[in-house]
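Engineer: Please work out how this folds:
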Amino acid sequence: MELPILLILCTGNSCRSQMTEGFLRELADDLFTTQSAGMNPAKEVHPLAIKVMQEIGIDISTNSCKHINQFLDQKVDTVITVCDHADQSCPTLPSSIKRHHFSFPDPAEATGTETEKLQVFRQVRDDISRLLLAYVAGRRDAL
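Structural biologist: All right, here's what the predicted structure looks like:
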């Protein structure tokens with residue numbers, strides 16, 4: 001049986017959506033095929049996003065930044081936006097697609113030393129993790 005596609009959207013597809021994709025692949029690869037994309041994708045996944053995910057044993061180093069247009073002709077079941085800009089500028093989707101919005105600050109905008117920036121990335125990572133644990137539990141309960 002083909003798993004439904006869950007698409008995570010963000011503006012740049014370099015931090016929040018990539019971390020979310022990594023978590024969902026770990027937590028729920030038996031429920032759906034997880035992909036992420038951006039409205040205006042960056043050239044690469046942010047190195048600090050890769051680093052903080054590696055700290056908890058999730059490897060997103062081979063992920064790539066993709067444009068939402070790559071998924072418009074695919075059978076997407078659920079769209080999760082993880083930044084306010086993507087939520088507001090998301091293209092009109094068919095009414096059959098489940099849509100959720102979870103707002104997280106952009107860790108790429110963190111300033112200071114690398115240690116201070118890492119702390120911001122870790123906080124966003126941990127916030128995403130807590131929310132997704134509840135989301136996946138709810139999806140499993142619904143089945």
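Engineer: packing partners for the longest helix along the chain?
Structural biologist: For the chain, the helix reaching the highest residue count under DSSP state H is reported as helix 114-142. Here helix 114-142 touches helix 16-28, helix 47-54, going by 3 or more Cβ pairs under 8 Å, 6 or more residues apart in numbering; DSSP states H and E. The C-beta positions use only the backbone N, C-alpha and C, and glycine is treated the same way.
Engineer: Select, out of those helices, the one closest to residue 115.
Structural biologist: helix 47-54 (10.8 Å; Cβ to Cβ).
Engineer: Would you mind getting the angle between that closest one and helix 16-28?
Structural biologist: On the basis of axes from the mean of the first three to the mean of the last three Cα atoms, to 10 degrees, helix 47-54 is oriented at 20 degrees to helix 16-28.
Engineer: Can you give me the pLDDT of residue 51?
Structural biologist: Listed pLDDT for residue 51 reads 98.
Engineer: so what's the backbone phi/psi at residue 9?
Structural biologist: phi -120, psi 140 (degrees, to the nearest 10).
Engineer: How about residue 24, nearest residue that isn't a chain neighbour?
Structural biologist: residue 34 (4.2 Å; Cβ to Cβ, 6 or more residues apart in numbering).
Engineer: Identify the residues contacting the helix or strand that neighbour falls within?
Structural biologist: Secondary structure assignment for residue 34, by DSSP states H and E: strand 33-38. Contact with strand 33-38 is made by 3-14, 17-18, 20-21, 24-25, 28, 63, 65-68, 70-71, 86, as judged by Cβ atoms under 8 Å, 6 or more residues apart in numbering.
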